[in-house]
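Engineer: Got a predicted structure here, sequence first:
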Amino acid sequence: MAPQAPLAAADWLRLSCVLTLFLLFNTAASKSIVKALPGYSGDLPFKLETGYVSVGERDDVQLFYYFIESESNPVKDPLVLWITGGPGCSAFSGLVYEIGPLIYDVPAFNGSLPTFLLNSYAWTKIANIIFLDTPVGTDFSYATTPEGYYSSDIETAKETYSFLRKWLLDHPKFSTNNLYIAGDSYSGILVPMIVSEISNGNEDGHMSRMSLEGYLLGNPATYIHNDQNSKITYTHRMGLISDEYYERAKSSCQDEYVDPDPNNAQCIYYLRLIKECTGKLNEAHILEPKCGSTAPKPDQLKLGLRFFEDISMDILFLPSQQEEMWCRKYNYVLSYVWANDPAVQQALQIRQGTKTEWKRCNKTLSFEEDVENVVECHQFLSTKGYRALIYSVAMLRFLQQRKDTLAFNECVFGHIPTKNSVLD
Ligand SMILES: *[C@@H]1O[C@H](CO)[C@@H](O)[C@H](O)[C@H]1NC(C)=O
Ligand SMILES: *[C@@H]1O[C@H](CO)[C@@H](O)[C@H](O)[C@H]1NC(C)=O
């Protein structure tokens, strides 16, 4: 019997090594190279990788990403982490409707699987881009426990930093590329917080240093109350309301339009007049039509029409829509059809059973907006010398107002005081 003992021990050792390796791979990261996608004939002319990285205190959050290598010089070109807004809007939306290499061939869409064209203006022509589905619950990201689904701005910033650390460990060849964090809309809150996390981590010295260069933001949320308030000034400057309405609203409301005193009859009166002038405009782009919602007609397409909540299928298929009825958001229909196709999810290596349906924006996230104001965060980052490209009128206006108070030595988030805030 004695000679067998060492063998058994060796076997046990081997088994436990295999188990440890299995657990490591299982919990840290999993990635796949995607060579072809349904809707694009032939191999993709760029390198696409998809995968999951687990984060969170209990390691119960699985963040899904699409990674596209630069088509120029992946070794030298910057590495960009892109987060779409919402919170809860899919990174794929940024990929296919904003800056990625593929765009849908909208005119060719007839209700079957949408097809792709190449986007000649893709940022991936000059940058390596990770499109990350964050916060948890967005697109294909999920949690393995019910508690894991709970998230907030502060939690998301930490989890995103943790994601990047693990992703770079797993992709060491990108660890020296200049790193930028980017996003738009609601990401205006998250991006500066993530950049601050990285900056603090770099200074801490315990973490491996990231080659952080700066950040990019489009129409970002910055100080949510003031962003909203400045819309009145904007409509006046764009000539959408008269000087008279503007001046009267301004003096009677004393520059508070978001949360006016309900007993201030004059202010309420002028705000109503202004709303009558601007209510039919598309807020995101005043020169594009504001698109209404009409109930979809399920017989028009043999698809799961419950996906299309806010989109008018009627108008999409009306022959008369071509010119005058054109509406940007109807194009979103194609992403619902595409991303919910089982063959597509298989090609993207989505883990089976983790998501019942794909939505472009998850409007039922368990998310607490616990930061309302990141102005000081921007100021902190600019004193640190990071580069920033920010395109938004409201943002510039607000920073100008505050330029006399530029002595910041930390990133102080403007917390929204709420009863159940995890921070209080
Ligand atoms: C839709 O177009 C595809 C080709 O893009 C074609 O194969 C399919 O038969 C068309 N379906 C209908 C219902 O016209
Ligand atoms: C939206 O998020 C919630 C909570 O984070 C999650 O339970 C749900 O599955 C998500 N829905 C979709 C369509 O992804």
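Structural biologist: Alright, I've got the coordinates. Bear in mind the structure is a predicted one, so any value in this text is a computation, not a measurement. Ligands and ions are numbered 1, 2, ... in the order given.
Engineer: where are the low-confidence patches of the protein?
Structural biologist: Along the chain, segments meeting pLDDT under 70 span 1-29, 292-326, 393-424.
Engineer: what's the closest residue to residue 174 other than its chain neighbours in contact with, if anything?
Structural biologist: Spatially, and ignoring its direct neighbours in sequence, residue 174 is nearest to residue 79 (5.0 Å; CB to CB, 6 or more residues apart in numbering). For every residue, glycine as well, the C-beta is placed using N, CA and C. Applying CB atoms under 8 Å, 6 or more residues apart in numbering to residue 79 gives the contacts 127, 128, 129, 130, 174, 177, 178, 179, 180.
Engineer: Let's have these in a markdown table, adding secondary structure, distance to ligand 2 and neighbour count.
Structural biologist: Listed next are these as a markdown table, based on DSSP: H, G, I helix; E, B strand; the rest coil; distance: CB to the nearest ligand atom, whole Å; neighbours: other CB atoms under 10 Å:
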| residue | secondary structure | distance to ligand 2 | neighbour count |
| --- | --- | --- | --- |
| 127 | coil | 28 | 23 |
| 128 | strand | 27 | 27 |
| 129 | strand | 22 | 29 |
| 130 | strand | 20 | 23 |
| 174 | helix | 28 | 20 |
| 177 | coil | 31 | 22 |
| 178 | coil | 33 | 16 |
| 179 | strand | 27 | 22 |
| 180 | strand | 27 | 24 |
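Engineer: would you turn the residues you listed into a markdown table with distance to residue 53?
Structural biologist: As requested, the contacts of residue 79 are exported to a markdown table (distance: CB to CB, whole Å):
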| residue | distance to residue 53 |
| --- | --- |
| 127 | 20 |
| 128 | 16 |
| 129 | 16 |
| 130 | 10 |
| 174 | 14 |
| 177 | 18 |
| 178 | 21 |
| 179 | 16 |
| 180 | 19 |
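Engineer: Between those, which sits nearest residue 32?
Structural biologist: Closest approach to residue 32 among the contacts of residue 79 (CB to CB): residue 130, at 14.6 Å.
Engineer: Any idea what the closest one is bridged to?
Structural biologist: residue 67, residue 81 (DSSP bridges).
Engineer: my read: it touches residue 81, true?
Structural biologist: Yes - contact criterion CB atoms under 8 Å: residue 130 and residue 81 qualify, at 4.9 Å.
Engineer: how about the contacts of residue 79, which pair is most distant?
Structural biologist: Most distant of the contacts of residue 79, by CB to CB, are 130 and 178, 13.9 Å apart.
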